[in-house]
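# Make a model of this:
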Amino acid sequence: MSESQRWFLLITLVVACGLVYLLAPILSPFLIGALLAYLTDPIADRLEAKKLSRTQSVVLVFIVLTLLLVLAVLLLIPQLTEQIQTMVRQVPAVIEVLHGRLLPWIEQNTGLSIDRPDLESVRQLFAQYWQQTGSVAAKLMGGITRSGLALAGWVANLVLIPVVTFYLLRDWDVMMANIQHLLPRNLEPKVTLWARECDEVLGAFVKGQLLVMLALGVVYATGLWIVGLDLALLIGMLAGLASIVPYMGFIIGILVAGVAAYVQFQEPTILAWVGLVFAIGQMLEGMVLTPLLVGDRIGLHPVAVIFAIMAGGQLFGFVGILLALPVAAVIMVLLRHLHDGYKKSRLYSTDEPEQTGEVE
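Numbering: from 1, shown residues only. Model (predicted):
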């Protein structure tokens, strides 16, 4: 890479970061559209390979996505709303169980003395909190409704997402080819290699791990529904989302489901059935879902995912969260190549002649 190329790439990077910072309020629908186009491009490519035109492939993909969205709105959203209300109604019972059974059991078996809060005060505090939350939500919705400009912007973003997704998906391969042709000729092979590796990293996480999370959410929700838990869908989806970090979904899910099941059934034996559901989910994840959906592709480390999302949100807000994973994938690939270069450099090994004897 020549000196002028280094300066050009550095200036381009600085300008790009500055534009992201300045244009962050309007970038969300474009980034969401780009993410959806990236996720669905392989499906469109497969349809195109079956002798369909690119536009026909994209239209077919959009029909399927629209049907899934309508199905989610009609089936999942009302169920989740009802289960959230059920959870709120069960909170006093959960407090009663913790106050009247769990704390005495801990004191009896550990010999510890735990200061118990006044149950009525806790109930009043919780009721006051939910009342304030509802009041704030009502004021917020009222403000959005009264502000025609804010409401129009919100609606415009919702409308822009499918429009941007459609055009990006239709021209995705053309845009990638144009970007490749714009690269300096001496850098094009290396940058293409890096881009392919970044795609593998993102594919291992976004296209693989997210499918694993969705599948685990369905497995957990179905299992808890068979057990008879009222909050099966809510807890199952929560455990599936928490599975972004290995074992976190299992731990959070089994704890929350265990408390909810005990409050609902008041039978200790129900905990065994809850444990069985999550044990089956873990076995399916390890033996079926992860090998099938992720395979042996190199993905982002869970700690790197958490740090990237938090850092992106801190620096650029919601836009930073959307950009966190692609940027983390690029940094991971660059660090891998820097590591390989370091191992081959004189900083790591010297050019001194080898010793005649080897040390085992």
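
# Return the helix or strand in the chain with minimum mean pLDDT.
Across the helices and strands of the chain, the lowest-confidence element by mean pLDDT, DSSP states H and E is helix 119-146, at a mean of 53.

# pLDDT of the lengthiest helix in the chain, averaged?
Longest helix of the chain, by residue count under DSSP state H: helix 3-49. Averaging pLDDT along helix 3-49 gives 86.

# Can you name every helix or strand that that helix contacts?
With contacts defined as 3 or more Cβ pairs under 8 Å, 6 or more residues apart in numbering; DSSP states H and E, the packing partners of helix 3-49 are helix 54-71, helix 148-170, helix 172-182, helix 302-316, helix 318-344. C-beta coordinates here come from the backbone N, C-alpha and C atoms, glycine included.

# would you turn the ones you listed into a markdown table with distance to residue 200?
Shown next, in a markdown table, are the helices and strands packed on helix 3-49 (distance: least, Cβ to Cβ, whole Å):
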| stretch | distance to residue 200 |
| --- | --- |
| helix 54-71 | 22 |
| helix 148-170 | 21 |
| helix 172-182 | 15 |
| helix 302-316 | 15 |
| helix 318-344 | 9 |
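
# what angle do the longest helix of the chain and helix 302-316 make?
Helix 3-49 and helix 302-316 are oriented at 110 degrees to each other (axes from the mean of the first three to the mean of the last three Cα atoms, to 10 degrees).

# any idea of the angle helix 3-49 forms with helix 172-182?
Counting by the same axes, to 10 degrees, helix 3-49 lies at 160 degrees to helix 172-182.

# mind checking how far helix 3-49 is from the chain centre?
Computed by Cα atoms, centre = their mean, to the nearest Å, the chain-centroid distance of helix 3-49 equals 19 Å.

# Can you classify the residue lying closest to residue 343 once chain neighbours are set aside by secondary structure?
Nearest residue to residue 343 in three dimensions, chain neighbours excluded: residue 349, at 7.9 Å (Cβ to Cβ, 6 or more residues apart in numbering). Secondary structure state of residue 349, per DSSP: H, G, I helix; E, B strand; the rest coil, is coil.

# Just the pLDDT for residue 349.
pLDDT, residue 349: 73.

# neighbours around it, how many?
Residue 349 has 10 neighbours, counted by other Cβ atoms under 10 Å.

# from here on, count from 48
With 48 as the first residue, the last one maps to residue 396.

# So it versus residue 121, what's the distance?
To residue 121, residue 396 is 63 Å away according to Cβ to Cβ, to the nearest Å.

# Mind putting the helices and strands packed on helix 50-96 into CSV with distance to residue 251, mean pLDDT and mean neighbour count?
As requested, those are arranged in CSV below (distance: least, Cβ to Cβ, whole Å; pLDDT from 0 to 100; neighbours: other Cβ atoms under 10 Å):
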stretch, distance to residue 251, mean pLDDT, mean neighbour count
helix 101-118, 22, 88, 14
helix 195-217, 21, 77, 14
helix 219-229, 19, 88, 12
helix 349-363, 11, 79, 16
helix 365-391, 9, 80, 16
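
# To residue 74, which of the ones you listed lies closest?
The closest of the helices and strands packed on helix 50-96 to residue 74 is helix 365-391. By Cβ to Cβ, the value is 4.9 Å.

# what packs against the closest one?
Right, helix 365-391 is packed against helix 50-96, helix 235-249, helix 349-363 by 3+ Cβ pairs under 8 Å, 6+ apart.

# could I get those as CSV with distance to residue 386?
Formatted as CSV, these follow (distance: least, Cβ to Cβ, whole Å):
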stretch, distance to residue 386
helix 50-96, 21
helix 235-249, 13
helix 349-363, 15
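
# So which of those helices is nearest residue 294?
Using Cβ to Cβ, the nearest of these to residue 294 is helix 349-363, at 9.5 Å.

# So what angle separates the directions of the closest one and helix 365-391?
With the same axes, to 10 degrees applied, the angle from helix 349-363 to helix 365-391 works out at 130 degrees.

# just how off-centre is helix 349-363 within its chain?
Mean C-alpha position of helix 349-363 versus that of the full chain (Cα atoms, centre = their mean) differs by 11 Å.

# neighbouring contacts of it?
If you take Cβ atoms under 8 Å, 6 or more residues apart in numbering as the criterion, helix 349-363 is touched by 67-68, 71, 252, 291-293, 347, 367-372, 374-375, 379.

# how near is the residue nearest to residue 390 to residue 386?
Applying Cβ to Cβ, the value for residue 396 to residue 386 is 14 Å.

# Residue 101 too?
Residue 101 sits 39 Å away from residue 386, taking Cβ to Cβ as the criterion.

# Report the contact partners of residue 95.
Neighbouring residues of residue 95 by Cβ under 8 Å, 6+ apart: 101, 104.

# Fine, thanks again, bye for now.
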